[in-house]
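# return a 3D structure for these sequence lines:
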Amino acid sequence: MSSCLPVPVPGVCVRVKLNVGACGPYAHIVADFEPPGPGGGLELLSLLPESRLPSEYLPSLREGLREGLDGVTAAVLVTDGSFHEVDSSELGYKIAGQQAGRAALIGAGLLPPETAATLRWATWPGMPRLRPSPVEGTHRRAR
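You can find the predicted model right below:
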């Protein structure tokens, strides 16, 4: 894909909680996606103070966004989020960026709604509510 995000996708929330042993990558962001400004390209701006989202995680978040958006350019404004002093990592924020980027593509109609089922940690207003497929043997017989 190589284009611009056609419509705004506000309120994309990603909370990565991977439990690997006793701890694991943690990241939490809420972002608004907009079509890019003149000149295009991925624009990333965080409104959060260092105490909520340390700047050391922004390059990993940007890398994840670039991968998740798959060549689609957008302006991304991080409006909320948090980190954990022990469990947050560059990997967590890269995953958060990937998931947020994919969510924005679905929200903008650039990916099919069924793709939302692949996003483990992302939610957004208007997110498709997919019904789980029926699994044989899950129904109990009445006695």
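# so the residue most central in space within the chain is in which element?
In the chain, the residue lying closest to the centroid (Cα atoms, centre = their mean) is Ala100, at 1.8 Å. For Ala100, the enclosing helix or strand under DSSP states H and E is helix 90-107.
# ok now the next helix-or-strand element following that helix, how far from the chain's centre?
Downstream of helix 90-107, the first helix or strand assigned by DSSP H and E is strand 122-123. Computed by Cα atoms, centre = their mean, to the nearest Å, the chain-centroid distance of strand 122-123 equals 6 Å.
# next one: stretch 50-66
Computed by Cα atoms, centre = their mean, the chain-centroid distance of stretch 50-66 equals 13 Å.
# restrict the helix holding Ala100 to CA atoms and write it as PDB.
The C-alpha coordinates for helix 90-107 follow below in PDB (Å, rounded to 0.1, in the frame of the first residue of the first chain):
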ATOM      1  CA  GLU A  90      10.900  -0.900  23.100                       C
ATOM      2  CA  LEU A  91       9.300  -4.100  21.900                       C
ATOM      3  CA  GLY A  92       6.000  -3.300  23.700                       C
ATOM      4  CA  TYR A  93       5.800   0.100  22.000                       C
ATOM      5  CA  LYS A  94       6.700  -1.300  18.600                       C
ATOM      6  CA  ILE A  95       3.800  -3.900  19.000                       C
ATOM      7  CA  ALA A  96       1.500  -1.100  20.100                       C
ATOM      8  CA  GLY A  97       2.400   1.000  17.000                       C
ATOM      9  CA  GLN A  98       1.900  -2.000  14.700                       C
ATOM     10  CA  GLN A  99      -1.600  -2.700  16.200                       C
ATOM     11  CA  ALA A 100      -2.600   1.000  16.200                       C
ATOM     12  CA  GLY A 101      -1.500   1.400  12.600                       C
ATOM     13  CA  ARG A 102      -3.500  -1.700  11.500                       C
ATOM     14  CA  ALA A 103      -6.500  -0.500  13.500                       C
ATOM     15  CA  ALA A 104      -6.400   2.900  11.700                       C
ATOM     16  CA  LEU A 105      -6.300   1.200   8.300                       C
ATOM     17  CA  ILE A 106      -9.400  -0.800   9.300                       C
ATOM     18  CA  GLY A 107     -11.200   2.200  10.700                       C
END
